[in-house]
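[1] What follows is a predicted protein model with its sequence.
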Amino acid sequence: MRAPVSWIRELIDIPVNQTGRDMAARLIDAGLEVETVETIGGGVNGALYVGKVLEIEELTEFKKPIRWCQVDVGAAGGGVRGIICGARNFTVGDIVVVALPGTVLPGGFEIASRETYGHISDGMICSERELALSEEHDGIMVLQSGTVGTNAAPLIGVGEEVLDIAVTPDRGYALSLRGIARELAISYGVPFDDPGLNVADLPAPAVGAVPAQCGSDDFEACALFTLRTIVGFDPKAPSPQWMKQRLTAAGMRPVSLAVDVTNYVMLELGQPLHAFDLDKLNGSVRAGWAEPGSTLETLDHVARKLGSDDLVILDDDGIIGLAGTMGGLDSEIDDDTTSIAIEAAHFSPRVVARMGRRHKLSSEASRRFERGVDRTLAPYASARAAALLIEFGGGHYVGMTAVEAPYDPVVISMQGREPAAVAGMSIEEDTV
């Protein structure tokens, strides 16, 4: 589990003089295994500027497409710079990240003014991989916003500290920022406002619309199943820059707003979510057991033969997902999705673990369900996801449906003097 320090600080008030290494030491004292404290873009030495592309000239006389760009990096960066770039994913007016001559990038690569393709290239328009932010190198970084000539590092997470934690099977709660922040709040003695119990502010359900119905065929295997429905979503809406930055720092690749939001909430709260394209579903959605010999092509493009021990997600036409593990390809969110059903459920750790071993399949969702997920989280997490989707992608909230097995919270009773006797220290009964 990769936990960006700035994200932790958003959840709890840690003293400003505490570094990522200080936090790591406290987590280790609490029994967690912090493997490394990484600084994102730690190999960058020198300034990175926010630039604006003013002109692009296509150079067609070479074997590969090359562009001669005029980029304004502000007065602090020397004004307009001419830069050669081979990327095709940007246009005039875009906001980009520029490294100027003298800046050293990860790997010891020093930027210099040099003649290439018949022009003096006076800097570099950077991709994520060139800055060691991720392995993404299909094009350069295009920012949603930024003030020309200012320091780009804070906008893209360069300098961010990230705690890399090896989560053991008995510490499943640490596969979330919520769980890590709670441990640190206890260690530092600061208040913890549990984000897992905050009810997102959702609009009133759209009048006349009916949310997708849901169910569970076996409450032992799926004790809680919920669906939230959103219609009128803009499939072209981009994920906000801060969300993409946090996902990248946490080791996940941004994909699209709908996918990014479900991943973001999973990292934040620890509750796996799955978003279906509602228009690809038929009838109600439920958790149930697969028929022997049935098949499902999962999102990784693998056709899986299923048996009666496989817990699946079904609609009225058949199987649409492997419960707690991976969705089906036929119902995935795509570039045209305007109606979304958000699944949030509580699956048996034993059932999910056995399916993972049987199919040799592990996912971010199954890792969490196998270690145990707080049963009460599902409706809070799906509400959080729905609120983010509506905020950044528009649309109308239709409502939530849910089925749940009877639930009796675990009660631990003991004599008031017992904690002191077991701990071998003085603990007043009022404290207990």
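    Arrived safely, thanks for sending.

[2] OK, contacts around A87?
    R67, I125, S127, G139, I140 (CB atoms under 8 Å, 6 or more residues apart in numbering). The C-beta positions use only the backbone N, C-alpha and C, and glycine is treated the same way.

[3] The second one pairs with what?
    The partner list for I125 in beta bridges (DSSP bridges) reads V98.

[4] what about the helices in the stretch 201-350 of the chain?
    241-249, 257-269, 349-359 (DSSP state H, counting those that start in this stretch).

[5] Out of these, flag the one nearest D315.
    For the helices of the stretch 201-350 of the chain, the distance to D315 is smallest for helix 257-269, at 18.4 Å, taking CB to CB.

[6] what angle sits between the closest one and helix 241-249?
    60 degrees (axes from the mean of the first three to the mean of the last three CA atoms, to 10 degrees).

[7] can you list the domains in this structure?
    For the chain, automatic domain parsing gives the domain ranges 2-40+160-193, 48-156, 196-404.

[8] Which of those sits closest to R417?
    domain 2-40+160-193 (23.4 Å).

[9] distance between the ends of the closest one?
    Domain 2-40+160-193 has an end-to-end distance of 21 Å (criterion: CA to CA, to the nearest Å).

[10] picking that back up, weakest of the helices of the stretch 201-350 of the chain by average pLDDT?
    Here the helices of the stretch 201-350 of the chain differ in mean pLDDT, and the lowest is helix 241-249 at a mean of 94.

[11] show me where pLDDT drops low in this structure?
    432 (pLDDT under 70).

[12] longest helix anywhere in it?
    helix 377-393 (DSSP state H).

[13] and it, what does it pack onto?
    Packing partners of helix 377-393 (3 or more CB pairs under 8 Å, 6 or more residues apart in numbering; DSSP states H and E): strand 222-231, helix 257-269, strand 340-347, strand 396-404.

[14] In CSV, list the domains of the chain along with distance to A423.
    Converted to CSV, the domains of the chain look like this (distance: least, CB to CB, whole Å):
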stretch, distance to A423
domain 2-40+160-193, 16
domain 48-156, 45
domain 196-404, 26
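
[15] How about T150, nearest residue that isn't a chain neighbour?
    V50 (5.1 Å; CB to CB, 6 or more residues apart in numbering).

[16] which SSE is the one you found in?
    V50 is part of strand 48-59 when elements are defined by DSSP states H and E.

[17] What residues sit buried inside that strand?
    Across strand 48-59, burial judged by 16 or more other CB atoms under 10 Å covers L48, Y49, V50, G51, K52, V53.

[18] and these as JSON lines, adding distance to A237?
    Below are the buried residues of strand 48-59 laid out as JSON lines (distance: CB to CB, whole Å):
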{"residue": "L48", "distance to A237": "27"}
{"residue": "Y49", "distance to A237": "28"}
{"residue": "V50", "distance to A237": "23"}
{"residue": "G51", "distance to A237": "25"}
{"residue": "K52", "distance to A237": "23"}
{"residue": "V53", "distance to A237": "23"}
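
[19] now the strands for the stretch 151-300 of the chain?
    With strands called from DSSP state E, counting those that start in this stretch, the stretch 151-300 of the chain shows them at 161-166, 214-216, 222-231, 274-277, 285-289, 295-297.

[20] residues of the last one that come out buried?
    Spelled out, it's strand 295-297. Buried, per 16+ other CB under 10 Å, within strand 295-297: L296.

[21] Just the residues contacting that strand, thanks.
    For strand 295-297, the surrounding residues in contact (CB under 8 Å, 6+ apart) are 290, 303-306, 312, 319-322, 328-330.

[22] just those now: which is nearest F276?
    For these, the nearest to F276 is I320 (6.9 Å; CB to CB).

[23] That closest one and G251: what is the separation?
    27 Å (CB to CB, to the nearest Å).

[24] Could you check which of those two is surrounded by more residues?
    I320 (24 against 13; other CB atoms under 10 Å).

[25] So what's the residue count around D310?
    D310: 24 surrounding residues under other CB under 10 Å.

[26] Then D316?
    10.

[27] Same question for N282.
    N282: 12 surrounding residues under other CB under 10 Å.

[28] Return the residues in contact with it.
    Contacts for N282 (CB under 8 Å, 6+ apart) come out as D315, D316, D317.

[29] What separation is there between it and G328?
    13 Å.

[30] Same check on V71?
    44 Å.

[31] try L184
    Separation of L184 from G328 (CB to CB): 38 Å.

[32] pretty sure V142 contacts R88?
    No: applying CB atoms under 8 Å as the test, V142 and R88 come out as separate, 11.5 Å apart.

[33] More neighbours: which of the two?
    Neighbour count, other CB under 10 Å: between V142 and R88, V142 has more, with 17 against 12.

[34] beta partners of that one?
    The partner residues for V142, given DSSP bridges, come to V96.

[35] which residues touch it?
    Residues in contact with V142, defined by CB under 8 Å, 6+ apart, are N89, F90, D94, I95, V96.

[36] Same question for T229.
    Applying CB under 8 Å, 6+ apart, the residues near T229 are A209, P211, A212, L278, S339, I340, A341, I342, Y397, V398, G399, M400.

[37] one more time with 7 Å, if that's ok
    Taking CB atoms under 7 Å, 6 or more residues apart in numbering, we find T229 in contact with P211, A212, L278, A341, V398, G399.

[38] Pretty sure the third one sits against V210.
    No: with contact taken as CB atoms under 7 Å, L278 and V210 are classed as non-touching, separated by 11.4 Å.

[39] who has more neighbours, those two?
    Neighbour totals were compared for L278 and V210, and L278 leads with 23 against 11 (other CB under 10 Å).

[40] what's that one in contact with, if anything?
    Contacts of L278 (CB under 7 Å, 6+ apart): A212, T229, S339, I340, A341.

[41] Tell me which residues touch the nearest residue to the fourth one once chain neighbours are set aside, please.
    If the residues on either side of it in the chain are set aside, I340 comes closest to I230, at 4.7 Å by CB to CB, 6+ apart. Listed by CB under 7 Å, 6+ apart, the contact set of I230 reads I340, A386, L389, I390, G395, H396, Y397, V398.

[42] beta partners for I230?
    I340, Y397.

[43] ok, residues contacting stretch 314-324?
    Outside stretch 314-324, the residues within contact range by CB under 7 Å, 6+ apart are 222, 272, 274, 276, 281-288, 290, 294, 296, 298, 310-313, 327-328, 330-331, 347, 352, 355, 365-366, 369.
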